[in-house]
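In: Structure, please.
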Amino acid sequence: MEAFARNLLELALASAPWLVLGLLAAGLIRAWLPFALVGRTLGGSGFGAVTRAALIGAPLPLCSCGTLPAAFALRRGGASNAATTSFLVATPETGVDSVALSWVLLGPFYALIRPLAAFVSAVTAGLLVGVAGGSCLSRGAALPVVSPGAACTAGCCAASPPAKGAKGFLSRAWAGVVYAFTELLDDLALWLSLGILGAAAVVTLVPPNLLAQWGSGPVAMMLIMLVSVPMYVCATASTPLAHAMLFAGVSPGTVLVFLLAGPASNLAGIALVRREMGGRALSAYLFGVGGVSLLLGLLLDGVIGVYGLQALFHVGAGGAAGHESPSALAWTSLLLLLVLGAKPLRRYLSGGRGGAGGCCG
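Out: This next block holds a predicted model:
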């Protein structure tokens, strides 16, 4: 029990400063992204529109269920099915908060390769949907909203738009920061806590490299995809679980499949893509998420096998090797997250408005 508590505290302290940094960046990005203007720049199904959609979606701090209304808001604003799909895949697979956490828990190499792989997956899915075609969502149609207890059975919620009353630079920036440390933190809290608890348990109880013989190859990757679809684990919350998987000996390629396919594929997203874009577009979407994730995972393991890059993915009990936060900063960040996780304070900071409540992924 003492070892578990020590590992849990080390993981929490290592993660906290980077999570705070990621939340700050996520809030500012959300506050200043002009969704109405973005939608008008994403018409057409060519490479340019699909690429722009992936680049716009990649840094955004939205989990997979929160991405759904945002993506179809872009579609209603003029984005094509292809660009909407690219945005729908790129946004939950990565984000500034998950990249920051990846840096400390998985190492700099994953912090780089994760958003690159998400970009490739999103662009491929978008182009495939553009080729497949599908039904169009009318610009005047009602915006699909995922509400607690509805299609998203894990309790996910729709992302609310930025406050319209915040017009000045400082007021909009503050509104974004409030969102990040209220609604977004609330969305992350449950699954992120479970992920860190699970990672600490694995580090404490499982011998290193226990799964090295079984945690690689196409079968393991397909299995991890099937398991991840109903999990509703967002990009940030999946990072501690990926840390535990690497520690247990699961191959970096299989972990990459989990990091890509888990956040981007869920039952609510599949149902809405089928309803709004049609069966052909859904098939292209699923191949763009699952097939490309599998190919990228096999490619990564193959490159590691040829060039011997395994050392780049070494993960110790306390986080990525060589990245230790100053003790005062780590403790301050962790205490800040714990304090701001209290709902009464969140309601006070947001002007009496409750947090989004309990979802991620």
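
In: Make sure residue 78 is indeed in a strand.
Out: No - counting by DSSP: H, G, I helix; E, B strand; the rest coil, residue 78 is not found in a strand; it is coil.

In: Check which helix or strand the nearest residue to residue 237 once chain neighbours are set aside maps to.
Out: Closest residue to residue 237 apart from its sequence neighbours, by Cβ to Cβ, 6 or more residues apart in numbering: residue 191 at 3.5 Å. C-betas here are computed from N, CA, C, even on glycine. Taking DSSP states H and E as the definition, residue 191 sits inside helix 185-205.

In: I'd like to know which elements that helix is packed against.
Out: Where contact means 3 or more Cβ pairs under 8 Å, 6 or more residues apart in numbering; DSSP states H and E, helix 185-205 is packed against helix 2-32, helix 235-247, helix 343-349.

In: Would you mind checking which helix or strand in the chain has the lowest mean pLDDT?
Out: In the chain, no helix or strand scores lower on mean pLDDT, DSSP states H and E than strand 319-320, which sits at a mean of 50.

In: tell me which strands and helices the helix or strand following it is in contact with?
Out: Downstream of strand 319-320, the first helix or strand assigned by DSSP H and E is helix 327-340. Applying 3+ Cβ pairs under 8 Å, 6+ apart, we find helix 327-340 packed against helix 2-32, helix 343-349.

In: just so I know, which of those helices lies nearest residue 247?
Out: Counting by Cβ to Cβ, residue 247 lies closest to helix 2-32 out of those; the figure is 10.2 Å.

In: Look up how far residue 42 lies from residue 273.
Out: Residue 273 sits 17 Å away from residue 42, going by Cβ to Cβ, to the nearest Å.

In: oh, I was asking about residue 313
Out: Where residue 42 is concerned, residue 313 sits at a distance of 35 Å (Cβ to Cβ).

In: ditto for residue 292
Out: 20 Å.

In: roughly how far out does the helix or strand where residue 111 lies sit from the chain middle?
Out: In this structure, residue 111 sits in helix 108-132 according to DSSP H and E. Computed by Cα atoms, centre = their mean, to the nearest Å, the separation of helix 108-132 from the middle of its chain amounts to 13 Å.

In: Could you do stretch 27-35 as well?
Out: That offset, for stretch 27-35, works out to 17 Å (Cα atoms, centre = their mean).

In: And that stretch, what's buried?
Out: 27-31 (16 or more other Cβ atoms under 10 Å).

In: ok so, going back, buried residues in the helix holding residue 111?
Out: 109-111, 113-115, 117-130, 132.

In: Report how many residues lie close to residue 76.
Out: 18 (other Cβ atoms under 10 Å).

In: Kindly report the same for residue 170.
Out: 8.

In: Now do it, the pLDDT please.
Out: Here, the pLDDT recorded for residue 170 equals 83.

In: And for residue 240?
Out: Value for residue 240, per-residue pLDDT: 90.

In: Look up how far residue 262 lies from it.
Out: Taken as Cβ to Cβ, the span from residue 240 to residue 262 is 13 Å.

In: got it, and residue 312?
Out: Per Cβ to Cβ, residue 312 is found 22 Å from residue 262.

In: Which one of these two is surrounded by more residues?
Out: residue 262 (29 against 14).

In: Which secondary structure state is assigned to residue 214?
Out: coil.

In: and it, how many residues sit next to it?
Out: Residue 214 is flanked by 14 other residues according to other Cβ under 10 Å.
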